[in-house]
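[1] Here is my input; please provide its structure:
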Amino acid sequence: MKLKQIKIKDYPRLKPFFKKPRYRLCEYSLPSILVWTNDEYKPYGAIDNGALFVAAEFVRQKEDRHLMLPISPEREFPPEELHQLALQLGFDQYWFVPEDYVKRFGKGRIKSCFTLSSQKEFDDYIYLAGDLIKLKGNKYSKKRNLIHQFEREHVYRGAVTEEAIRPSLVPECLEFLEQWCEERDCGADEESSLACEKQAAINMIENLDFLEAKGLALKVDGVVSALAVATKLAENMGVLHFEKAFSKVKGLYQFFDNLSAKRLMGDYKYVNKESDMAVPGLAKAKKSYHPVMMIRSYKLTIN
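    Modelled structure (predicted):
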């Protein structure tokens, strides 16, 4: 089995392996696997015996190269097979191993083959879609107040419009991402997580229909000031992969988050808002929306 670089054009060929999603970490969304590619990092894959094997290769940070759990609608690979596969493919670690996998096979069995360690920076935040849509109760009172301030300042004067992201809107969305990136100085380091995320968002938006993703943009005074992109992860769970808004407009993010939940997540019970990447401010913001659960991510390293 030989791993080859996989690209966005491979989406139709790889889609059948995701028809019965087994893992709820956001990294197991096929569109996400394909769009996270840049000068430093590229996804690789191979199909063998009814399973898709995915790996990450790095140009400079070679110590981060890793495999993901094999993806198959028919079967799951036990730790002993994972160990053999890693040796066969020339890797010494698996990233993004969901806690469900650890519970099913047990820490003792896993530790007979691997060193097991947590990846807290990649733990996913999971919310009830109904909570994000309705924002009921005292715990969301600050969110509702900020939304009301935004509505009084912008919505009631007719300055706000929403649009599904279509090809004709893509240039304006890309311009927004450039400005959003400048606001956070993410272009200062092309290898930073924010710079890589910006490139992934560009890849997703430019291929939205092809990847069967949904996008929403919000304009304030005719200028795109927020956008979100979502995909399906499981029958009852959607993922908000990219949700961006200008921070200088008070209440904009809270208003747009609520709108995104209504427009993009209404068909799901749960919303996966991905991880906080160990960024303190991002972790605080995600916790402020009161997740109903966290999906823990683990790393397996060959003993």
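
[2] C-alpha from now on. contacts and neighbour counts both.
    Fine.

[3] In terms of helices and strands, where is the residue most central in space within the chain?
    When Cα atoms, centre = their mean is applied to the chain, the residue found nearest the centroid is H241 (3.9 Å). Secondary structure assignment for H241, by DSSP states H and E: strand 237-245.

[4] Quickly list what V220 is bridged to.
    Beta-bridge partners recorded for V220 (DSSP bridges): V160, V223.

[5] I'd assumed H154 was in contact with it.
    Yes - here V220 reaches H154: they are 7.4 Å apart, a contact under Cα atoms under 8 Å.

[6] Could you tell me which residues touch both of those two?
    Taking Cα atoms under 8 Å, 6 or more residues apart in numbering as the contact rule, V220 and H154 both touch V160.

[7] For the stretch 201-303 of the chain, which segments count as helices?
    252-264, 280-287 (DSSP state H, counting those that start in this stretch).

[8] Who are the packing partners of the longest one?
    With contacts defined as 3 or more Cα pairs under 8 Å, 6 or more residues apart in numbering; DSSP states H and E, the secondary structure elements packing on helix 252-264 are helix 129-134, helix 141-150, strand 214-220, strand 223-234, strand 237-245.

[9] Pick the most deeply packed of the ones you listed.
    strand 223-234 (a mean of 24; mean count of other Cα atoms under 10 Å).

[10] Direction-wise, compare that one with helix 252-264 and give the angle.
    Inter-element angle recorded for strand 223-234 and helix 252-264: 50 degrees (by axes from the mean of the first three to the mean of the last three Cα atoms, to 10 degrees).

[11] quick one: strand 223-234 to strand 214-220, angle?
    160 degrees.

[12] and for strand 223-234, what are the contacting residues?
    Contacts with strand 223-234, where a contact means Cα under 8 Å, 6+ apart, come from 20-21, 24, 26, 28-29, 31, 172-173, 176, 205, 212-219, 238-246, 252-253, 256, 260, 264.

[13] Give the rounded mean pLDDT of it.
    Across strand 223-234, pLDDT averages out at 96.

[14] now swap in stretch 120-136 and tell me
    For stretch 120-136, the per-residue pLDDT averages 97.

[15] now swap in stretch 156-176 and tell me
    97.

[16] buried residues in that stretch?
    Buried residues in stretch 156-176, counted by 16 or more other Cα atoms under 10 Å: 160, 164-166, 170, 172-174, 176.

[17] Please flag which of these sit within strands.
    Judged by DSSP state E, the buried residues of stretch 156-176 include 160, 164 as members of strands.

[18] out of the helices of the stretch 201-303 of the chain, which comes closest to E81?
    The closest of the helices of the stretch 201-303 of the chain to E81 is helix 280-287. By Cα to Cα, the value is 35.0 Å.

[19] Packing partners of the strand holding H241?
    With 3+ Cα pairs under 8 Å, 6+ apart as the test, strand 237-245 has strand 223-234, helix 252-264, strand 270-272 packed against it.
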